[in-house]
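**Q** quick one: sequence and predicted model below, then my questions.
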Amino acid sequence: MFIRLFILFTFVPIIELAILIEIGSRVGTFHTIMLIITTGIVGALLAQSQGLAVIRKIQEELTFGRPPAGELVDGLFVLVGGLLLVTPGIITDIVGFALLLPITRNIIKQWLIRKIQSNISRGSRDFTSINFFR
């Protein structure tokens, strides 16, 4: 787990920085900064609208007496996607938009559900180290 976190918090920012430097060298510092600000603003607005939509779905499920399991996963994805979009970087923006847009969010959610079901069918109850790339 330490190695994964080390890679996540060391190499991802290095790659993000390298991409931003390359973009800056091609389009200029001002346009690169405007790109970062624009994706932050668009991400915050999209996270707000999608977050409110998820809250409405959760309330609807609760009104009908159903547990809002899928909606809670959507809420988690919207939260993570919003955080990624306000973080400067191109890779984090791509992943953030994927988690915020309903079409890609549903694809990712179905993939995650299949991974969890696969772990369950193998008899594993440990979900702290789901192998996402298997």
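**A** Received the coordinates, thanks.
**Q** which residue packs closest to Ile19, ignoring adjacent ones?
**A** Spatial nearest neighbour of Ile19, chain neighbours left out: Ile90 (4.8 Å); criterion: C-beta to C-beta, 6 or more residues apart in numbering. From N, CA and C alone the C-beta is placed, and that goes for glycine too.
**Q** my guess is that neighbour contacts Leu17. True?
**A** No: the pair Ile90 / Leu17 is not scored as a contact, 10.4 Å apart, by C-beta atoms under 8 Å.
**Q** quick one: which of these two has more around it?
**A** Ile90 (16 against 12; other C-beta atoms under 10 Å).
**Q** which residue is nearest the centroid of this protein?
**A** Centroid-nearest residue in the chain: Gly81, 3.5 Å away (criterion: C-alpha atoms, centre = their mean).
**Q** excluding sequence neighbours, find me the nearest residue to that residue.
**A** Leu99 is the one closest to Gly81 (C-beta to C-beta, 6+ apart), at 3.1 Å.
**Q** contacts only, for the one you found.
**A** By C-beta atoms under 8 Å, 6 or more residues apart in numbering, the residues touching Leu99 are Phe77, Val78, Val80, Gly81, Leu84, Arg105, Ile108.
**Q** so which of these are in helices?
**A** If you go by DSSP state H, those have Phe77, Val78, Val80, Gly81, Leu84, Arg105, Ile108 in helices.
**Q** output the lowest mean pLDDT helix or strand found in the protein.
**A** helix 102-121 (a mean of 86; mean pLDDT, DSSP states H and E).
**Q** buried residues, that one. List them.
**A** Neighbour counts over helix 102-121 (16 or more other C-beta atoms under 10 Å) mark Arg105, Ile108, Lys109, Lys115, Asn119 as buried.
**Q** which of these lies closest to Glu61?
**A** Lys109 (15.2 Å; C-beta to C-beta).
**Q** I figured that closest one was touching Leu72, is that so?
**A** No: Lys109 lies out of contact with Leu72 (C-beta under 8 Å); the separation is 10.8 Å.
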